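*Asks:* give me a model of this one.
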Amino acid sequence: MRTINIITLLLFTSFTFAQVGTNGSDRKEEGRTIREYNLTIEENKMTLGGVSAKAMTINGSIPGPVLEFDEGDLAIINVTNKMDEETSVHWHGLILPNFYDGVPYLTTP
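*Replies:* I've put the predicted structure just below:
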């Protein structure tokens, strides 16, 4: 029983610390370059390889735009979902607080 209590405590603690610093109040903007992008996710009819089909596009294209940053930049990325379905954005190659990682139903509502 003691082992289960310790494991439960460690698990709870790890979830608590995973969410630290996710409200943006800890960011330091002074002297940093701010890179802001607006992404609109919507369904469009696209023709790829001679075949027309409905596709999820970002800013009207596949693939979406390239977002460029330098280390230390402050990134502000506004995502507008015009799809009939929920969607999330998962950022590969970026170190982010767990809450902003975009894993549906695990770290985001």
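*Asks:* stretch 60-67: which residues count as buried?
*Replies:* Across stretch 60-67, burial judged by 16 or more other Cβ atoms under 10 Å covers residue 64. C-beta: built from backbone N, CA, C; applies to glycine.
*Asks:* run through who's touching that stretch.
*Replies:* With contact meaning Cβ atoms under 8 Å, 6 or more residues apart in numbering, stretch 60-67 is reached by 35, 37, 39-40, 42, 44, 46, 48, 55-59, 75, 77.
*Asks:* before we move on, what about stretch 72-84?
*Replies:* Contact with stretch 72-84 is made by 27, 29, 32-43, 56, 67, 69, 87, 89, as judged by Cβ under 8 Å, 6+ apart.
*Asks:* which among those end up buried?
*Replies:* The buried subset of those (16+ other Cβ under 10 Å) comprises 37, 41.
*Asks:* if we can go back for a sec, in strands, which of the contacts of stretch 60-67 appear?
*Replies:* Residues of the contacts of stretch 60-67 located in strands (DSSP state E): 35, 37, 39-40, 42, 44, 46, 48, 55-58, 75, 77.
*Asks:* dump those residues into JSON lines; add pLDDT and distance to residue 101 as well.
*Replies:* As requested, these are exported to JSON lines (pLDDT from 0 to 100; distance: Cβ to Cβ, whole Å):
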{"residue": "35", "pLDDT": "92", "distance to residue 101": "19"}
{"residue": "37", "pLDDT": "94", "distance to residue 101": "18"}
{"residue": "39", "pLDDT": "94", "distance to residue 101": "16"}
{"residue": "40", "pLDDT": "96", "distance to residue 101": "21"}
{"residue": "42", "pLDDT": "96", "distance to residue 101": "23"}
{"residue": "44", "pLDDT": "94", "distance to residue 101": "27"}
{"residue": "46", "pLDDT": "91", "distance to residue 101": "28"}
{"residue": "48", "pLDDT": "82", "distance to residue 101": "29"}
{"residue": "55", "pLDDT": "92", "distance to residue 101": "25"}
{"residue": "56", "pLDDT": "92", "distance to residue 101": "20"}
{"residue": "57", "pLDDT": "93", "distance to residue 101": "23"}
{"residue": "58", "pLDDT": "94", "distance to residue 101": "18"}
{"residue": "75", "pLDDT": "87", "distance to residue 101": "14"}
{"residue": "77", "pLDDT": "90", "distance to residue 101": "13"}
